[in-house]
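Enquirer: Dropping a prediction and its sequence here:
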Amino acid sequence: MIVAGLGCRKGSTRDELLSALDAACMEAKISRESISALATGEIKREEAGILQLAEMLGLPLHIVADDALMDAEPRTKTVSRHSLAKTLSSSLSEVAALAAAGEKSEIIVPRLISQGATCALAEMKEQA
């Protein structure tokens, strides 16, 4: 299962978020259809562009609670000063993807920025 974590500036459009998602998929060398779900933090619950993207792609959108975001924080790969100031997380897109993909998940594409939106991909790793 691959989860795309999303972050954005307020008012980002669906197309701006789609650009970030497509950039992350291209980096991972996977198709957009490989994505199982989208995820973001509570702070972005009402962000129209994220809601519209989930609807357009027909994917579930996981709104990750702040405590779950903080639990995933040690597994992030990048640091955004803007994200730290707004969410107390070093990368909202990375922690949302990790939290939604599960405890054993790993970042396969660190936070990428495109047109003011961010996307990171996390994959659930199989239990040994």
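Expert: Great, that's in hand.
Enquirer: Tell me the first helix or strand C-terminal of the lengthiest helix in the chain.
Expert: Counting by DSSP state H, the longest helix found in the chain is helix 14-28. Next helix or strand after helix 14-28 toward the C-terminus (DSSP states H and E): strand 35-41.
Enquirer: List the beta-bridge partners for residue 107.
Expert: Per DSSP bridges, the residues bridged to residue 107 are residue 122.
Enquirer: what comes up buried for the longest helix of the chain?
Expert: Of all the residues in helix 14-28, those buried under the rule 16 or more other CB atoms under 10 Å are 14, 16, 17, 18, 19, 20, 21, 23, 24, 25, 28. All C-beta atoms are positioned from the backbone trio N, CA, C, and that covers glycine.
Enquirer: can I get those residues in JSON lines with distance to residue 104?
Expert: Formatted as JSON lines, the buried residues of helix 14-28 follow (distance: CB to CB, whole Å):
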{"residue": "14", "distance to residue 104": "31"}
{"residue": "16", "distance to residue 104": "31"}
{"residue": "17", "distance to residue 104": "27"}
{"residue": "18", "distance to residue 104": "28"}
{"residue": "19", "distance to residue 104": "30"}
{"residue": "20", "distance to residue 104": "25"}
{"residue": "21", "distance to residue 104": "23"}
{"residue": "23", "distance to residue 104": "26"}
{"residue": "24", "distance to residue 104": "20"}
{"residue": "25", "distance to residue 104": "22"}
{"residue": "28", "distance to residue 104": "18"}
